[in-house]
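# Quick one, what's the 3D model for this:
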Amino acid sequence: MTLWIIIFGIGLLTLLTRLSFIALPAGTRLPPWMRRALEYVPASVLSAITLPELVMHHGAADVTWGNYRLLAGVVAIAVAWRTRRVLPTLIAGMVVLWGLQVVTT
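Residues are numbered from 1 along each chain as shown. Prediction:
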């Protein structure tokens with residue numbers, strides 16, 4: 001029973017958090033500190049999604065030269081930093097990943 005209360009509570013908290021930005025009355029201004037904090041949300045969410053995919057290999061952390069996803073990710077990060085454009089970043093990362101997979105198989 002405690003598990004269900006926790007699941008329900010987390011679900012309710014998630015719903016209220018997301019609903020708070022949708023259901024704000026028109027003309028409501030967020031405080032400057034909250035607007036600054038919200039600027040970092042996309043980068044933090046993207047990092048939380050991609051970092052485990054780059055570092056984990058077969059269920060364990062792998063930060064060696066044999067982890068092609070990590071190498072392709074490093075190249076993609078370098079391209080993103082240099083160009084600040086999405087399409088070249090995606091293309092560079094995928095070309096490196098596919099190239100490494102083709103060369104080693």
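
# So for the helix or strand M94 falls within, mean pLDDT?
According to DSSP states H and E, M94 maps onto helix 86-104. Averaged over helix 86-104, pLDDT sits at 95.

# which residues sit against that helix?
Y68, R69, L71, A72, G73, V75, A76, V79, A80, T83 (Cβ atoms under 8 Å, 6 or more residues apart in numbering). The way it works is simple: take the backbone N, C-alpha and C, and place the C-beta from them, glycine included.

# Sort out which residues of that helix are buried, please.
Buried residues in helix 86-104, defined by neighbour count with 16 or more other Cβ atoms under 10 Å: T89, A92, G93, V96, L97, L100.

# related to what we said a few turns ago, switch the contacts of helix 86-104 over to TSV; also include neighbour count, distance to V41 and pLDDT.
What follows is the contacts of helix 86-104, written out as TSV (neighbours: other Cβ atoms under 10 Å; distance: Cβ to Cβ, whole Å; pLDDT from 0 to 100):
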residue	neighbour count	distance to V41	pLDDT
Y68	17	30	91
R69	19	24	93
L71	17	28	94
A72	21	25	95
G73	19	21	94
V75	18	26	96
A76	22	21	95
V79	18	23	97
A80	16	18	95
T83	12	23	96
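
# Please identify which of those residues is nearest to L19.
Distance to L19 across these (Cβ to Cβ) is lowest for A80, with 32.8 Å.

# Find the residue closest to the closest one in space, skipping its chain neighbours.
In space, and not counting its chain neighbours, A80 is closest to T89: 4.2 Å by Cβ to Cβ, 6 or more residues apart in numbering.

# May I have the secondary structure class of the residue positioned nearest the centre of the chain?
For the chain, L46 is the residue whose C-alpha lies nearest the centre (Cα atoms, centre = their mean; 1.8 Å). At L46 the chain is in helix, as set by DSSP: H, G, I helix; E, B strand; the rest coil.
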